[in-house]
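In: model this:
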Amino acid sequence: MRWMQTMIFAGLALPGLALFAVGASAQSFQISQNGKSVGTASLSVKQGGSGWDATSGTKIDMPGLKYSFNQTQMLDSGFHLTSVQLKGSVNGTAVSVDTSAQGQQFAMKINASGKVTNTPLAFHRSAVFLPDFDPGGLQVLLSLGAANNNRDLWAIIPKQTGSVAALRVATKPDEQGTLDGRAIAVHHLTVTQDTSTTEVFAGPSNELLQAEWSDEGFAMVRQGFKLTPAARPNAAPPAAPPPDATPAPTGQAPQTQPQQ
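Out: Next comes the predicted model:
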């Protein structure tokens with residue numbers, strides 16, 4: 001599993017504007033693996049200064065992984081990252097990450113196990129700070145994608161000494177779901193980073209509703225949301241017997257005519 005390979009940290013007129021304006025109230029998410037609840041997450045977005053402040057947190061407690069963090073991202077009016085502060089813990093080890101845009105680079109500082117690492121990362125205007133299982137990063141990704149036609153998106157990854165990776169976003173056919181009992185249309189996106197794939201589901205206002213990491217069996221679902229299962233295809237009709245065939249009596253094998 002990916003968190004075992006390295007520590008998770010150390011180791012359109014803009015349609016998203018309406019979402020951010022109405023999304024100030026906190027949203028809660030349930031995290032599960034193979035249908036079993038293993039944690040929770042939260043997200044709150046509000047106006048701050050000349051842009052937006054996106055505050056998020058995640059807590060997972062399961063055999064082999066105790067993982068938690070809280071972070072606040074500072075974004076400009078176009079959802080571009082200006083700075084982020086994160087504090088968390090992985091299996092008892094405290095970690096903090098500070099990242100900010102400085103000219104033509106992102107400066108990342110990681111403090112883990114008493115060791116401080118400073119890494120300059122390549123600057124990309126449409127970059128998303130993306131820890132594992134973070135509703136805040138996924139929400140920013142949705143808003144940036146809507147503003148940029150899902151092109152030229154990048155992930156800032158707070159693992160090991162920090163890195164930047166390209167994101168590929170594919171649009172899938174819309175699906176259906178319910179939010180607090182109301183039927184809504186659901187947008188479906190597939191986000192690929194290297195060989196890792198995340199299925200992301202968003203509402204009509206581009207709000208994050210659900211994310212799935214199928215390879216590892218994880219899902220993060222907003223409280224009150226249910227994705228409508230796809231209709232099960234009908235069973236194929238039974239094959240018709242050949243025109244000249246006579247059904248054999250029950251329990252007897254069909255008789256074979258000798259060749260002439």
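
In: When you work out contacts or count neighbours from here on, use the C-alpha atoms and nothing else.
Out: Fine.

In: What's the biggest strand in this structure, counting residues?
Out: strand 163-179 (DSSP state E).

In: On the C-terminal side of that strand, identify the next helix or strand.
Out: strand 182-193 (DSSP states H and E).

In: which other helices and strands contact that following strand?
Out: Under the contact criterion of 3 or more Cα pairs under 8 Å, 6 or more residues apart in numbering; DSSP states H and E, strand 182-193 touches strand 163-179, strand 196-202.

In: And for the shortest one, what's in contact with it?
Out: So the one you mean is strand 196-202. Applying Cα atoms under 8 Å, 6 or more residues apart in numbering, the contact partners of strand 196-202 are 186-192, 208-214.

In: CA atoms only: put that strand into PDB for me.
Out: Presented in PDB, the C-alpha positions along strand 196-202 are these (Å, rounded to 0.1, in the frame of the first residue of the first chain):
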ATOM      1  CA  SER A 196      -2.300   6.200  -9.200                       C
ATOM      2  CA  THR A 197      -6.000   6.800 -10.200                       C
ATOM      3  CA  THR A 198      -8.700   8.500  -8.200                       C
ATOM      4  CA  GLU A 199     -12.400   8.600  -9.200                       C
ATOM      5  CA  VAL A 200     -13.900  11.900  -8.200                       C
ATOM      6  CA  PHE A 201     -17.600  12.700  -8.000                       C
ATOM      7  CA  ALA A 202     -19.000  16.300  -7.800                       C
END
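
In: got the angle for the helix or strand that comes right after that strand vs strand 182-193?
Out: Sequence-wise, the next helix or strand downstream of strand 196-202 (DSSP H and E) is strand 208-213. Orientation of strand 208-213 against strand 182-193 (axes from the mean of the first three to the mean of the last three Cα atoms, to 10 degrees) gives an angle of 40 degrees.

In: rewinding a little: for the helices and strands packed on strand 182-193, which one ends up most surrounded?
Out: The highest average neighbour count among those, using mean count of other Cα atoms under 10 Å, belongs to strand 196-202 at a mean of 19.

In: can you tell me the average pLDDT over it?
Out: For strand 196-202, mean pLDDT is 96.

In: Which strands border it, and is each parallel or antiparallel?
Out: Sheet pairing here is set by DSSP bridges, and for strand 196-202 it gives strand 182-193 (antiparallel), strand 208-213 (antiparallel).
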